[in-house]
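In: Predicted model, plus sequence, below.
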Amino acid sequence: MEFTLKRTISIVAILLLIAAVTQAVYTALYISEADVPRQLLWGLEGLIFVLMAAFAGSAMVQTKHHHLGWSAIAFASALNVVQVGVGLTMFGPFFEAAGNVEGLEPAAMSVVAYSFMVYNAAKVLLALAAIVFGMAKLGAGSKAIGGLTALVGAVALISNTLSMALGRDFMGELPLAGGSGVLATLLLAVCLLTLSSDED
């Protein structure tokens, strides 16, 4: 099977949709205090982002347009793999050690803070991609989806940048950075699914 640019773009869009859904499901389960199948959901996310990095990188070298957007998706995917890896391999051992050894809790919390720093950096890149492709759709005449995607992308970029700079609790209980990042990812996927043949 030949992975044409059009097919590659569709695959990236589908992977972005799946990633947005898994993050929404994980957040809903966490908020409801349900037993979160972290290994399964994060493991699936890890696979999604590994594949997304490869396909977005492929699109970046195939296309004639929007290289910044494709680069942002590819590097966001790579950062998400790091973030998922930290969560799956380091959270458990560090918190177990913190429960057994007095004074290790700050070290455990620093691992969590690092994971969220990487998470927010990846969201900044996906927000940048949403702005790039939203503006492209806006320029192609799709004012509703293009304008909305670019606007949400701008909100996600600013809020996730502030989360990196000021800490993830800078907005208190309001999950603006994560929520806008997931919505920007969803809208980015819709933009890519309806991307015109100008990418070819």
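Out: Here it is on my side, so go on. Numbers count the residues shown, from 1 in each chain.
In: where does the protein dip in pLDDT?
Out: 168-174, 196-200 (pLDDT under 70).
In: Could I get the full set of helices for it?
Out: Listed in chain order, the helices of the chain (DSSP state H) span 5-31, 38-62, 67-100, 105-139, 143-166, 176-193.
In: deepest of those, which one?
Out: helix 176-193 (a mean of 23; mean count of other Cβ atoms under 10 Å). Any C-beta I mention is one placed from the backbone N, CA and C, and that applies to glycine too.
In: show me the contacts for residue 186.
Out: Contact partners of residue 186, counting by Cβ atoms under 8 Å, 6 or more residues apart in numbering, are 16-17, 20.
In: try residue 180
Out: 127, 152, 155-156, 159-160.
In: repeat that for 6 Å
Out: Going by Cβ atoms under 6 Å, 6 or more residues apart in numbering, residue 180 touches 155-156, 159.
In: nearest spatial neighbour of it, skipping sequence neighbours?
Out: residue 156 (4.0 Å; Cβ to Cβ, 6 or more residues apart in numbering).
In: quick one: the one you found and residue 183 touch, right?
Out: No: look at residue 156 against residue 183 with Cβ atoms under 6 Å: they stay out of range, at 7.3 Å.
In: Thanks again, I'm all set now.
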